[in-house]
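> Task: produce atomic coordinates for the following.
(one chain, ligands or ions: 1)
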Amino acid sequence: MTHSRSSVPGRYVRQTAFAEWGPQAQGAFERSRALVVGVGGLGSWVSELLVRAGVGFLRLIDDDLVDLTNIHRQALYGPTDAAMRRPKVSAASDRLKGLNDACEIDVMHDRLDRFNINRLAGDVDVVVDGTDNFATRFLINDYCVKTRRPWVFAGVVRAEAQVMTIIPGQTACLRCVMESPPPACTDPSCREAGVLGPAVSAIASIEGLEAMKILGGRLETISPYLLRFDLWSNTMQRIRLDGPQDDPPCPCCGLGEFEYLEP
Ligand SMILES: [Zn+2]
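Down below sits the predicted model:
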C-alpha cells in the first residue's frame, strides 16, 4: 500500500457483512491497485464502484474532454464539466476524491499505447477495460497475458453488452475468443449506433464486481464465461470458456506472440 490514509471505521460494514467477501477480502482490496483505461460510460461507473468500495489505489487514463452528449451515461460528469470542456480524468478525479479520500487517485490525460502501457499498468493488480475500441483491448490483452496480470474486458453499444474476465494462465484470453480486432465496419461506435445508459451501468456492475473479486483475492469466484446481454430484449448468452484455446493454440496466450506490443 502506497498511501497512509485510513478508511473511516464502519464505512464498509454492509460490504464486509457479506460473508463471501468479509473483512479478509476487504483488507486485501484496500491494499490493492487498479488501472481503469478510459473513463467514458463503463469507466465512470466502474471507477465509482471501486472507489466507493474502498480500493486502495486507482489510476485513470483517458485523453477525452467531457461533452454534453456524454452525460446520460457517464455518471462521473455533469453539465458544468461539459460546458467547461474539462478533461474527463480531471472531472473524474475531483468527483472520486469527494466520494472517498482514503483512495489514492492518479490520473493521466493521455491515450494508452504500447509505449506507455508498462509505466501505467506495470504496478497495478488489475486492468479494467473502459475503452471504446478493440485496438486498445488487444494491446491490453497482449500486455496482461505477457505480464500475467488479470484484466476485465467489457464493451457496450446500443443495449448490447459483453463482459469477460481474463486471468492469464488460468482462463481464456481475449484472442482465444476473437483472433483479431473486428473490422471497423462491424464495430459500430456509440456515436453511430447509440447507447443506453442502463445497459452501460448494468455491464459496468458486473465488470466492477469481477475486478473486486480479483483485488480481494476471491479468484475462485471469477466468471468462467463470456457473458453477452441484450438489455433491450432481456436476453443473455453465457459462453463457457474452459481455459485457453488450444486447437489451434491461441497466438497470444498459447504461442506467446504479442504483436500488439510490437512497433
Ligand atoms: Zn488466448
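> and stretch 163-174, how far apart are its ends?
Its start and end residues considered, stretch 163-174 measures 10 Å (C-alpha to C-alpha, to the nearest Å).
> Sort out which residues of that stretch are buried, please.
For stretch 163-174, the neighbour count (16 or more other C-beta atoms under 10 Å) marks V163, M164, T165, I166, I167, P168, T171, A172, C173, L174 as buried. All C-beta spots, glycine's among them, are computed from the backbone N, C-alpha and C.
> lowest confidence element among the helices and strands of this protein?
helix 190-193 (a mean of 72; mean pLDDT, DSSP states H and E).
> just the buried residues of stretch 163-174 now: which is nearest the ion?
C173 (3.3 Å; C-beta to the ion).
> Now do the buried residues in the top helix by length along the chain.
Scanning the chain for the helix with the most residues, using DSSP state H, yields helix 197-215. By neighbour count, and taking 16+ other C-beta under 10 Å as the criterion, the buried residues in helix 197-215 are 197, 199-204, 206-215.
> what's the neighbour count on the closest residue to the ion within the stretch 1-150 of the chain?
Using C-beta to the ion, the closest approach of the stretch 1-150 of the chain to the ion is made by V145 at 6.7 Å. For V145, the number of neighbouring residues by other C-beta atoms under 10 Å comes to 25.
> That one - that's part of a strand, no?
No. Following the definition DSSP: H, G, I helix; E, B strand; the rest coil, V145 is helix and is not counted among the residues of a strand.
> right, and it touches P251 too?
No. V145 lies out of contact with P251 (C-beta atoms under 8 Å); the separation is 10.3 Å.
> Return the distance of M178 relative to A172.
10 Å (C-beta to C-beta, to the nearest Å).
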